[in-house]
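Student: From the sequence below, what's the structure:
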Amino acid sequence: MGRLKKIKMTKLKKVLITTIPFGEKNRAPLDMLESNNIDYVVNPLNKKLTESELECLISDFDIVIAGTEQITRKVMDTANNLKLISRVGIGLDSVDLLAAKSRGISVSYTPDAPAPAVAELTIGMMLTLLRSIHVSNSQMHSGGWHRFFGRRLSEVVIGIIGFGRIGQGVAEHLKGFGSPKILVNDLSIKDDISHKFNIEVVGKEEIYKRADIISLHLPLTAKTKNMIKESHLMLMKSDAIIINTSRGGIINEQDLYNVMQSGHLEGAAIDVFENEPYNGPLREIERCLLTAHMGSMSVDCRVRMEIEATEEAVRFLTGKKLRGSVPQDEYEVQRKGL
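Tutor: This next block holds a predicted model:
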């Protein structure tokens, strides 16, 4: 028999996990890294990292499993070993894709995993605002008792701006509420999609004027930043409701505060903010429902996001093809400033 060689197991490359929480509800992604003999560090500050904090942490790592922290050109300049950014989630506004490409850094994401949870939260917000559930709850905890009139989903016109995975998910759920009238605005909608959901495709201004509920499902880009300002909000019905579960910065938050403070709009529900954690004036408005960027935070969807992002890291480090590579058109959006 030939002499058996003693094989020394060496650690593979290092992974920095910046998104939090991670592995909290299911250890599967951490177990996956450990079983593949991969070193990892979970965000030691246990909060959303600033650009400077990420600069200090990232230099020795080959892969970042990232949340929504800003991975800028400046951050990448300090990340000499970085080869892959694996996003837990769908939004890409936090990653400078062009800087990554110029440095040979691959970028992947998990666009399908969070969609069901975000769509369901959106429906929950619609119901909450239409029936003033949040206001009644607040008043009763303060000793009040007031029975609010409300509206049913089947009786209102709903405008959806952005009709991708999540926007279509919202429309699918609405079928179970008497199939209300749905107005949609998107860059491109195929005829079969329009027919499937029985939607009316219109311009954004028409949605502002006609819809009782306006729900945003857009990426944050140079074109959509501050897309909805005071002038657009004032086009809406006085008893309209606006919901944003997509990205902070699409609605100008100060303008929304000013308009609601004036008494215009029946309500708003905001899950995402330009700066997070949010500490702004919308907290003063009782009929403005605020949640802490929790759209994707159902246990099943969050775990799926973490597992898919970790699988990409393992594939990359074991020489396998990525399955969730960011498509070229996303790079074009940033290049053209769309």
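Student: Can you give me the distance of Lys101 to Ser108?
Tutor: Distance of Lys101 to Ser108, given as C-beta to C-beta, to the nearest Å: 13 Å. (Each C-beta comes from the backbone N, C-alpha and C, glycine too.)
Student: Comparing the two, which shows the higher neighbour count?
Tutor: The residue with more neighbours, out of Lys101 and Ser108, is Ser108; 21 against 16, by other C-beta atoms under 10 Å.
Student: check contacts around the more buried one.
Tutor: Taking C-beta atoms under 8 Å, 6 or more residues apart in numbering, we find Ser108 in contact with 84-87, 309, 312, 322-326.
Student: Equivalent analysis for Ile228, please.
Tutor: Counting by C-beta under 8 Å, 6+ apart, Ile228 makes contact with 216, 242, 250-252, 255-256.
Student: For Phe148, which non-adjacent residue is spatially closest?
Tutor: Ser132 (4.0 Å; C-beta to C-beta, 6 or more residues apart in numbering).
Student: The one you found against Gly150, yeah?
Tutor: Yes: at 6.0 Å, Ser132 counts as touching Gly150 under the criterion of C-beta atoms under 8 Å.
Student: Those two: which is more packed in?
Tutor: A count of neighbours by other C-beta under 10 Å puts Ser132 above the other of Ser132 and Gly150, at 20 against 15.
Student: Please report how far the more buried one lies from Asn185.
Tutor: 27 Å.
Student: For His141, see how far away Asn80 is.
Tutor: Separation of Asn80 from His141 (C-beta to C-beta) stands at 53 Å.
Student: more neighbours, those two?
Tutor: Between Asn80 and His141, Asn80 has the larger neighbour count (other C-beta under 10 Å), namely 11 against 8.
Student: which stretches of the stretch 51-200 of the chain have low pLDDT?
Tutor: Along the stretch 51-200 of the chain, the model assigns pLDDT under 70 to no residue.
Student: Need the distance between the two termini of stretch 228-243.
Tutor: One end of stretch 228-243 sits 12 Å from the other (C-alpha to C-alpha, to the nearest Å).
Student: Report the distance from it to the chain centre.
Tutor: Remark: stretch 228-243 is offset 22 Å from the chain centroid, using C-alpha atoms, centre = their mean, to the nearest Å.
Student: List the buried residues of it.
Tutor: For stretch 228-243, the neighbour count (16 or more other C-beta atoms under 10 Å) marks 228, 232-233, 235-237, 240-243 as buried.
Student: before we move on, what about stretch 263-283?
Tutor: 264-274, 278, 282.
Student: And stretch 204-214, by the same measure?
Tutor: Buried residues in stretch 204-214, defined by neighbour count with 16+ other C-beta under 10 Å: 204, 207-208, 210-214.
Student: which residues in the stretch 101-250 of the chain form helices?
Tutor: Ranges of helices in the stretch 101-250 of the chain, per DSSP state H, counting those that start in this stretch, are 115-130, 133-141, 165-174, 191-197, 204-210, 230-235.
Student: Can I get those in a markdown table including distance to Tyr40?
Tutor: Below are these laid out as a markdown table (distance: least, C-beta to C-beta, whole Å):
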| stretch | distance to Tyr40 |
| --- | --- |
| helix 115-130 | 25 |
| helix 133-141 | 39 |
| helix 165-174 | 29 |
| helix 191-197 | 40 |
| helix 204-210 | 43 |
| helix 230-235 | 44 |
